[in-house]
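[1] my questions are about this predicted structure, shown below with the sequence.
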Amino acid sequence: MSDNDRMVYKKDGKWVNKKNQSDKASSVHNTQQEAVDAASQMLENQGGGELSIKGLNGKIRDKKTISPGKDPYPPKG
C-alpha cells in the first residue's frame, strides 16, 4: 500500500475521490467516471499508486494500478 493510494465511492448521491490516508475528499463528482478520471490523474501526477473503485453496493468492484506520470528516466526510442 502506497501513501498515494486512492478510493472512489458513492456518498450522499455523489461520487467521491479520496486519498486513503485522508479524512477529506479530494474531489466530488456527479458520475463515477468523472471521479475515476480525476483520481487517475491525481495518482499519475503524484507518482502512481493503486486506485480502488467501489460499486453501489459498497464493495470494491475494480482496482487499477496507475504508473508514474513523470518518469525521471523514460525509456529511449
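    Good, I have the coordinates.

[2] okay, CA-based contacts and neighbour counts for the rest of this
    OK.

[3] for the most centrally placed residue in the chain, give its distance to Lys76.
    In the chain, the residue lying closest to the centroid (Cα atoms, centre = their mean) is Ala39, at 3.3 Å. Separation of Ala39 from Lys76 (Cα to Cα, to the nearest Å): 28 Å.

[4] rewinding a little: ok but the residue nearest to the centre of the chain is inside a strand, no?
    No: under DSSP: H, G, I helix; E, B strand; the rest coil, Ala39 falls outside any strand and is assigned helix.

[5] how about it, what does it touch?
    Residues in contact with Ala39, defined by Cα atoms under 8 Å, 6 or more residues apart in numbering, are Arg6, Met7, Val8, Asn17, Lys18, Leu51.

[6] how much space between it and Lys24?
    On the measure of Cα to Cα, Ala39 and Lys24 end up 14 Å apart.

[7] shared neighbours, those two?
    Lys18.

[8] show me what contacts the residue nearest to Gly13 when sequence neighbours are not counted?
    Of all residues not flanking Gly13 in the chain, Asn30 sits nearest, at 8.0 Å (Cα to Cα, 6 or more residues apart in numbering). Applying Cα under 8 Å, 6+ apart to Asn30 gives the contacts Gly13, Lys14, Trp15.
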